[in-house]
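In: quick one, fold the following:
(chains A, B, C and D)
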Protein chains: 2
Amino acid sequence: MEGLTINQAAETTAWSPRMLRYLDSSGLVAPQRTAAGYRIYGPGELQRLRTLRELLDTRAIEISDLGFARRLREEPELRVAIEGWLDAEPTAPEGVSEGSDWLRFEQDKHERLLALAGGNR
Amino acid sequence: MEGLTINQAAETTAWSPRMLRYLDSSGLVAPQRTAAGYRIYGPGELQRLRTLRELLDTRAIEISDLGFARRLREEPELRVAIEGWLDAEPTAPEGVSEGSDWLRFEQDKHERLLALAGGNR
DNA sequence: CAAACCTTGACACAGGCGTGGTAAGGTTTG
DNA sequence: CAAACCTTACCACGCCTGTGTCAAGGTTTG
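Out: Model prediction:
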């Protein structure tokens, strides 16, 4: 059979079985299932689990942050709205004229893309 | 005097004074201070506060998400690490060859900028 | 100088997150 | 068929977030 069961995966990834189920439910690492519903962890998932641990350890981020980052890339409207808000830093209104133009440019590009896509919301 | 005091700002933005202090401490909306330490909210901050409320209401995001979004744009290394992890979706390893190229493009640009700026971290 | 502001700091509390444990029940396999 | 797995569904617990309230003290201004 291809892939490890949840306890085997837990052993080789240093995650607890409990956490593997949690990560599954949160959508971050969702392995295939057998007909009976058993989780099957393939090499891809195992690698993903190990790098996930490293991500969380080295960078100071939370599991939920990853979920938000995923939303950010999957919902361009959301991304545009947030980028726009962050761009409007009121403090330091001096001429940043040469530092944040590229950001402005990207934002405009986002908006143009969004307009093309037809705002369905 | 230019700008509103915290209670006045609270009235016109529908935030509580308590929350204005919280937003200040979290770095999302940090107004100027008088010599005595009084917060002074200018038109920029007021607008920012109103749009912030709308952001939180219409999109389903949290205040802390904004902080993370800010980190994402200010720490290209972090951004790259997370994008990389998210890119390695083990399920459906088909060629996404035509959907996320613009993301990749922007990311590369960030990296180029970082390189130019000289990685001081 | 006193009233009406402002400041920071603390306590409180609900809800969510990350995590462990356990119980009740299905599946696989010797 | 029984042991050893797996499943979901709960209870629990500590910590963080968002929010209110209150206290002790500085500032502004009539």
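In: gap between A:Arg50 and A:Val29?
Out: 11 Å (CB to CB, to the nearest Å). All C-beta spots, glycine's among them, are computed from the backbone N, C-alpha and C.
In: compare those two (neighbour count), which wins?
Out: A:Val29 (25 against 14; other CB atoms under 10 Å in any protein chain shown).
In: report the central residue of chain A.
Out: A:Arg70 (3.0 Å; CA atoms, centre = their mean).
In: what helix or strand is it located in?
Out: helix A:63-74 (DSSP states H and E).
In: could you check whether that helix is close to chain B?
Out: Yes. Helix A:63-74 lies within reach of chain B by CB under 8 Å from any CB of the partner chain, at A:65-66, A:68-70, A:72-73.
In: how about the residue nearest to the centre of chain A, what does it touch?
Out: Contact analysis of A:Arg70 by CB atoms under 8 Å, 6 or more residues apart in numbering or on different chains lists A:27, B:86.
In: if you set the cut-off to 7 Å instead, what comes out?
Out: B:Leu86 (CB atoms under 7 Å, 6 or more residues apart in numbering or on different chains).
In: okay, buried residues for stretch A:48-60 please.
Out: Neighbour counts over stretch A:48-60 (16 or more other CB atoms under 10 Å in any protein chain shown) mark A:48-49, A:52, A:55 as buried.
In: can you give the contact residues for it?
Out: A:13-15, A:28-29, A:61, A:63, B:78, B:81, B:85, B:88, B:90.
In: re earlier: among the buried residues of stretch A:48-60, name the ones in strands.
Out: Applying DSSP state E to those, no entry is found in strands.
In: doesn't A:Gly27 lie inside a strand?
Out: No. Counting by DSSP: H, G, I helix; E, B strand; the rest coil, A:Gly27 is not part of a strand but coil.
In: ok, for it, nearest residue in space, not its chain neighbours?
Out: Counting by CB to CB, 6 or more residues apart in numbering or on different chains, A:Gly27 lies nearest to A:Gly67, which is 7.0 Å off, once chain neighbours are set aside.
In: ok, now A:Gly42?
Out: Nearest to A:Gly42 is A:Gly3, by CB to CB, 6+ apart, at 4.4 Å.
In: re earlier: would you turn the residues of helix A:63-74 next to chain B into a markdown table with pLDDT and distance to A:Tyr22?
Out: Putting the residues of helix A:63-74 next to chain B into a markdown table (pLDDT from 0 to 100; distance: CB to CB, whole Å) gives the following:
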| residue | pLDDT | distance to A:Tyr22 |
| --- | --- | --- |
| A:Asp65 | 97 | 15 |
| A:Leu66 | 97 | 13 |
| A:Phe68 | 97 | 17 |
| A:Ala69 | 97 | 18 |
| A:Arg70 | 96 | 16 |
| A:Leu72 | 96 | 21 |
| A:Arg73 | 94 | 22 |
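In: got these as a markdown table, with distance to A:Gly44 columns?
Out: Shown next, in a markdown table, are the residues of helix A:63-74 next to chain B (distance: CB to CB, whole Å):
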| residue | distance to A:Gly44 |
| --- | --- |
| A:Asp65 | 22 |
| A:Leu66 | 17 |
| A:Phe68 | 23 |
| A:Ala69 | 19 |
| A:Arg70 | 17 |
| A:Leu72 | 23 |
| A:Arg73 | 19 |
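In: much appreciated, bye for now.
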